[in-house]
Structure formats: C-alpha cells, structure tokens
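K.L.:
Curious how this folds, go ahead:
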Amino acid sequence: MRKNAGKVSEKDPVRTRMAAFCRRIVSFVRRGLRRCGEIAFRSKKITENRIGKTNSLDYELWKDYGDVSMTVYRNGRFDCCWDRAGNVLFRTGRKFNSRLPHEKIGDIAVDYEADYEPQGPSFLSVYGWTRWPLAEYYIVDNWGGIRWTPGEHLGTVEADGGVYDVYRVIMRRGASIDGTTDFPQFRSVRREKRSSGHVSVSEHFRAWENLGIEMGGLYEVSLCVEGVNHSSGRASVTENRVSIRKPQ
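P.N.:
The predicted model follows:
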C-alpha cells in the first residue's frame, strides 16, 4: 500500500495559474460579445406586427389596420407614427414568463421621456398583461382626444406627484396575448397630463390589489404609445428605463 494513500495532494501552482488565466479570457470574450451585440443593434424599422428584442429590452408592434411605422433603437428608445389606424400599439419594455406575481419579481418602476403628438384618440402609458387570470392593464400618463374613463370607477391612486383614477372594464371577445377572448382591463388614468417622469409600477399594482383587483402572473411591463379609432399621430421616446429592485 502506498504511504500517501488517502492524502489530498497540493494543487499544482502552474495549473492553478492557467485555470485563472482561462477564466479571465472567457470573461473577456463574453463581455466583448455583449458589447458587439449592443453595437450591432443600431436601429430597426418595422411596419407590420412583430415581437423582437434589442440589446436590453423587448419590443412589439401590434396593429389591426392602418399605415404605421416604428423605428426601434437601443435601450428602449423608439420613434413611431400612425395614420388612420384602427388600433395600434408601439411598445418597448420587459416581458416575463407569466409564472411569477409582481411581488416575486421585485419592485418595478419605469423612467421615461417622450415627445408625444397625437391627433385624435391615443394613449401614452405604462402597459402590460398578466395571466392566470388573464388581464390587460394601463397606467395612463397622457392622451389624445378626451380623457377616457371607461367602465367602473374603483377608486384612486396617489403616486409620483399625481392622482390617478382607477377603472375596470370587461372586454368582450377582445384581442389578447392568448387570442380572442373575454378579459378584464384595468386603468390608472392620471388627472394631469405629462410626457415624462417616474412611474412606480408596483405601487399601482399594490393599490389595485387593495381595491379588490386580482393580479396574476406578470407577462409584461412596457412603455406604450397607442392609437385608436382611426386616429393619427407621432411620438419619439427618447428615454425608457425599466428598473427592478429584487425582493429581499
């Protein structure tokens, strides 16, 4: 029997240095690839329904009909225009897998700035969906045409220096992320318009729950420009940051 059987031999210093060197090389290459991806995504112009991803955020264009155009840039910025659109949504933000409720994902906020020029009915909002149960939601900061206050008024939310009225309406055979079906739609509508600022998304979610709204698994949080009812307009989103503070 060997005398040193069962003893752990000391690490080879040469191999240790080589392993550390290799780890540094791999890390350097990964950073370089990420940087190349950021540089490669300069902009993308789309005119038909599409879902995609920039270097950091998800984007989507959805319309039923009308002449529309969306140019997506890095970091959530985008330009859009629409002419005589029935219903069109331009948006960039974060999409999730719908498995977790918002409180499990973290404290969510959106910081944005936009040059928003609607001609007719339109909305500038933080927008998204939940599943189980399926629901569509809006946090409306600005609008074209009249201030839309549909359905049942549930209460108010005070957040980010303003007061929002909360409404619930049931959409019958509406277009959804799961096809044509019935689903509730929730809206926080700000009383005073603005086109830039900080939106405490999770604060609205918690307030809605306190008003009796059931929030499902979070599918999306996006900054959205929407045109409805054959409207026209243009917008340029120059800042759009979705931040998530992980739960403790």
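
K.L.:
mind giving me the domain split of the chain?
P.N.:
Structurally, the chain divides into domains by automatic domain parsing as follows: 9-40, 43-245.

K.L.:
burial of Tyr219, as a residue count?
P.N.:
When counting by other Cβ atoms under 10 Å, one arrives at 21 neighbours for Tyr219. No exception for glycine: its C-beta is placed from N, CA and C like everyone else's.

K.L.:
typo on my end, Gly145
P.N.:
14.

K.L.:
Listing partners with orientation, what would you give for the helix or strand containing Ala114?
P.N.:
Counting by DSSP states H and E, the secondary-structure element that holds Ala114 is strand 107-119. Paired strands of strand 107-119, with direction, are strand 196-199 (antiparallel), strand 220-245 (antiparallel) (DSSP bridges).

K.L.:
How are the strands of the chain distributed by residue range?
P.N.:
Defined through DSSP state E, the strands belonging to the chain, from first to last, are 43-46, 50-53, 58-63, 67-73, 78-95, 107-119, 122-131, 135-144, 152-159, 162-176, 179-190, 196-199, 217-218, 220-245.

K.L.:
May I see the buried residues of the last one?
P.N.:
So that's strand 220-245. Buried residues in strand 220-245, counting neighbours by 16 or more other Cβ atoms under 10 Å, are found at 220-228, 231-237, 240-242, 244.

K.L.:
quick check: angle from it to strand 67-73?
P.N.:
Compare the direction of strand 220-245 with that of strand 67-73 by axes from the mean of the first three to the mean of the last three Cα atoms, to 10 degrees and you get 20 degrees.

K.L.:
how far out from the middle of the chain is strand 220-245?
P.N.:
9 Å (Cα atoms, centre = their mean, to the nearest Å).

K.L.:
which one of the domains of the chain is the most hemmed in?
P.N.:
Per-residue neighbour counts averaged over each of the domains of the chain give the maximum for domain 43-245, namely a mean of 18 (mean count of other Cβ atoms under 10 Å).

K.L.:
measure the residue most central in space within the chain to His102 for me?
P.N.:
Within the chain, one residue has its C-alpha closest to the average C-alpha position: by Cα atoms, centre = their mean, that is Ser222, at 2.2 Å. Using Cβ to Cβ, to the nearest Å, one gets 14 Å for the distance from Ser222 to His102.

K.L.:
same question, Gly144
P.N.:
29 Å.

K.L.:
same thing with Phe205?
P.N.:
As defined by Cβ to Cβ, Phe205 lies at a distance of 5 Å from His102.

K.L.:
shared neighbours, the two?
P.N.:
Counting by Cβ atoms under 8 Å, 6 or more residues apart in numbering, the residues touching both Phe205 and His102 are Ile108, Met215.

K.L.:
does Asn49 really touch Trp62, like I thought?
P.N.:
Yes: using Cβ atoms under 8 Å as the test, Asn49 is close enough to Trp62 to be in contact (5.4 Å).

K.L.:
Name the residues that touch stretch 57-70?
P.N.:
Contacts of stretch 57-70 (Cβ under 8 Å, 6+ apart): 45-53, 72, 75-76, 78-95, 175, 220, 222, 227, 230, 240, 242.

K.L.:
low-confidence ranges in the chain?
P.N.:
Counting by pLDDT under 70, the chain contains low-confidence ranges at 1-11, 14, 16-41.

K.L.:
Okay then, goodbye and thanks.
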